[in-house]
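Chemist: I would like the atomic coordinates for the input below:
(one chain, ligands or ions: 4)
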Amino acid sequence: TAKRRGLSQHEDYRPGLESATAERYRLAMALRDALGRGEIHIALQPQVELASGRLTGAEALARWTLPSGETVPPGIFIPLAEATGLIVTLGEQVLRQACRAVVQLVGAGLTNLRVAVNVSTLQFAREGLLQDFLRILREEGVTPRQIEIEITESLAMQDIGTVQQRLQAFRDQGFEIAIDDFGTGFSSLSYLRRLPIDRLKIDQAFVAEIGTVDDENAIAEMVIRIAQRMGMTVIAEGVETPTQAAWLQARGCQDGQGYHFARPLALEDLLQWQATRNPG
Ligand code: C2E
Ligand code: MG
Ligand code: MG
Ligand code: MG
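Modeler: Numbering: from 1, shown residues only. Ligands and ions are numbered 1, 2, ... in the order given. Modelled structure (predicted):
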């Protein structure tokens, strides 16, 4: 086969490449159609105060179920949406659904909750993002205080002037700002302290190490210390065990999110979860 490969390298290589590209293209078209039909929906993952078990909010996570019933993982369709520019529409639809969730939660007596949405770099780079967000909130009857924006560490590390100004504009309107997956990027702390950030989300990779690789625990602990030093709060994501929750709480981490508390849930399931559990 080595010889065959040498002779027909061209033919052997291109079909694979073409079908991968064609597959990607088909999926991009399917995503565009799904957005057109409003088929992208959200799951809500509860966020709880570690000390009390009190529900403080939820993160809205995009979900895509194909007509066949198959689901496409966000790890596939979010990068695709970013590469094709569809992330702008997707982000708006997610925000609108997050707003509707807020309204329904309030209607169910769950006031003072905040629903977080993920904002990708491409969305954030758009001039009119804040105005678009404010319009959607107005249309849905939600105030910025009820919405948290999650941006990634790499986004935060881009051109300081623009990022600082944009974030401040969101903050001035009352949005809460969180840095997602904190600890995975290469933040300069002196840079970070110049940004108007309310909280850090400890990446799940560092939470997963708690109780296993002893000296690596220091990363989660370090993030908590950084947050404290900078006057930010901190939430751990990917909390899967009571040991992790206790460890984090003992070190001053306020909030947690993860399978230990709940998986990302449909709104009705979140209401059910909240109604039947017994917060500590
Ligand atoms: P993320 O924002 O860091 O979201 C957390 C991810 O961790 C979610 O994966 C969630 O389901 C998963 N997770 C939560 N708790 C646990 C746990 O205890 N253990 C483990 N192993 N995993 C847990 P998901 O839903 O697959 O989302 C993946 C990523 O896709 C998100 O990471 C986010 O970066 C992106 N994403 C999802 N929805 C949106 C969206 O609407 N807009 C944008 N821009 N990105 C989104
Ligand atoms: Mg997130
Ligand atoms: Mg995250
Ligand atoms: Mg993550």
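Chemist: how about the residues of the stretch 1-150 of the chain by ligand 1?
Modeler: For the stretch 1-150 of the chain, the residues in contact with ligand 1 (CB under 6 Å from any ligand atom) are 45, 61-62, 73-75, 78, 87, 91, 94, 118, 120. Quick note: C-beta positions are derived from backbone N, CA and C, even for glycine.
Chemist: list only buried entries from those residues.
Modeler: Among these, the ones that count as buried by 16 or more other CB atoms under 10 Å are 45, 61-62, 74, 78, 87, 91, 94, 118, 120.
Chemist: closest to ligand 2 among the residues of the stretch 1-150 of the chain next to ligand 1?
Modeler: For these, the minimum distance to ligand 2 (CB to the ion) is 4.5 Å, reached by N118.
Chemist: how about the helices in the stretch 1-150 of the chain?
Modeler: 2-7, 9-36, 74-84, 87-107, 121-124, 129-140 (DSSP state H, counting those that start in this stretch).
Chemist: so what's the closest residue to ligand 3 within the stretch 1-150 of the chain up against?
Modeler: Relative to ligand 3, the nearest point of the stretch 1-150 of the chain is E150 (7.0 Å; CB to the ion). Listed by CB atoms under 8 Å, 6 or more residues apart in numbering, the contact partners of E150 are 59, 116-119, 178-180, 201.
Chemist: about what we covered before: and ligand 2, which of the helices of the stretch 1-150 of the chain is closest to it?
Modeler: Smallest distance to ligand 2 across the helices of the stretch 1-150 of the chain (CB to the ion): 9.9 Å, for helix 74-84.
Chemist: please name the bridge partners of the residue nearest the centre of the chain.
Modeler: The chain has N118 as the residue nearest its centroid, 4.1 Å off, counting by CA atoms, centre = their mean. Here N118 shows beta-bridge partners E150, assigned using DSSP bridges.
Chemist: if I read this right, it contacts I179, doesn't it?
Modeler: No: using CB atoms under 8 Å, N118 is not in contact with I179, being 11.6 Å away.
Chemist: what residues does this protein put near ligand 3?
Modeler: 180-181, 237 (CB under 5 Å from the ion).
Chemist: closest to ligand 2 out of the residues you listed?
Modeler: Nearest to ligand 2 out of the residues of the chain next to ligand 3 is D180 (CB to the ion; 4.3 Å).
Chemist: quick check: neighbours of the helix or strand where that closest one lies in the sheet, parallel or antiparallel?
Modeler: Element membership of D180 [criterion: DSSP states H and E] is strand 176-182. Sheet partners assigned to strand 176-182 using DSSP bridges are listed as strand 147-152 (parallel), strand 199-202 (parallel).
Chemist: point out the most buried one among those strands.
Modeler: Most buried of the strands paired with strand 176-182 by mean neighbour count (mean count of other CB atoms under 10 Å) is strand 199-202; its value is a mean of 25.
Chemist: re the thing from before, next, format the contacts of E150 as a markdown table and append distance to S19.
Modeler: Below are these laid out as a markdown table (distance: CB to CB, whole Å):
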| residue | distance to S19 |
| --- | --- |
| E59 | 35 |
| A116 | 37 |
| V117 | 34 |
| N118 | 31 |
| V119 | 33 |
| A178 | 39 |
| I179 | 38 |
| D180 | 33 |
| K201 | 37 |
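Chemist: circling back to that earlier point, from the residues of the chain next to ligand 3, list the ones also adjacent to ligand 2.
Modeler: Near ligand 2, taking CB under 5 Å from the ion as the test, the members of the residues of the chain next to ligand 3 found are D180.
Chemist: can I get the residues of the chain next to ligand 3 in a markdown table with pLDDT, distance to S52 and neighbour count?
Modeler: Converted to a markdown table, those look like this (pLDDT from 0 to 100; distance: CB to CB, whole Å; neighbours: other CB atoms under 10 Å):
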| residue | pLDDT | distance to S52 | neighbour count |
| --- | --- | --- | --- |
| D180 | 94 | 24 | 23 |
| D181 | 91 | 26 | 19 |
| E237 | 97 | 19 | 22 |
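Chemist: and of the residues of the chain next to ligand 3, the nearest to A208?
Modeler: Using CB to CB, E237 comes nearest to A208 of the residues of the chain next to ligand 3, at 10.3 Å.
Chemist: a markdown table for the strands paired with strand 176-182, including mean pLDDT?
Modeler: Formatted as a markdown table, these follow (pLDDT from 0 to 100):
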| stretch | mean pLDDT |
| --- | --- |
| strand 147-152 | 96 |
| strand 199-202 | 96 |
